[in-house]
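Predicted model and sequence follow; I will ask about them next.
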Amino acid sequence: MTQLAGGWTLEKLEAKTPEERFNVWSNARAKGTLEADELAQFIERSGLNYAPTGGISMSDLRVLEMRRHRVT
């Protein structure tokens, strides 16, 4: 079991949500130390999803309103 900066392991990262992994990755990138960079690169190479999710669903009232006013 490889232990990275902050005591992170693959197993600990796997237990996190993509949003939580994104926060770990983002914090590591912001810190900028060699160990933190290694952690960020490990997350990037791990194959684990670390992209933040979100956005507006297609059924959101704002989207529906934009569709209603769409110019064709």
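Received it, and whenever you're ready, just let me know what you need.

now the strands for this structure?
Counting by DSSP state E, one finds no strands in the chain.

what's residue 60 sitting at in phi/psi?
Per-residue torsions, residue 60: phi -60, psi 140 (degrees, to the nearest 10).

Do you know the pLDDT at it?
Residue 60 is assigned 72 on the pLDDT scale.

Nearest residue to the middle of the protein?
residue 22 (2.7 Å; Cα atoms, centre = their mean).

now it: how far from residue 53?
Using Cβ to Cβ, to the nearest Å, residue 22 is found at 9 Å from residue 53. The C-beta positions use only the backbone N, C-alpha and C, and glycine is treated the same way.

how distant is stretch 12-22 from the center of its chain?
How far stretch 12-22 lies from its chain's middle: 8 Å, per Cα atoms, centre = their mean, to the nearest Å.

What residues sit buried inside it?
Using 16 or more other Cβ atoms under 10 Å as the test for burial, stretch 12-22 gives 13, 16, 21-22.

can you list contacts of it?
The contact list for stretch 12-22, computed with Cβ atoms under 8 Å, 6 or more residues apart in numbering, reads 24, 43, 46, 48-53.

Just the buried ones from these?
When these are checked for burial by 16+ other Cβ under 10 Å, the buried set is 24, 43, 50.

Which secondary structure elements does the helix-or-strand element of the chain with minimal mean pLDDT sit against?
Lowest on mean pLDDT, DSSP states H and E among the helices and strands of the chain sits helix 61-68, with a mean of 80. With contacts defined as 3 or more Cβ pairs under 8 Å, 6 or more residues apart in numbering; DSSP states H and E, helix 61-68 has no helix or strand neighbours.
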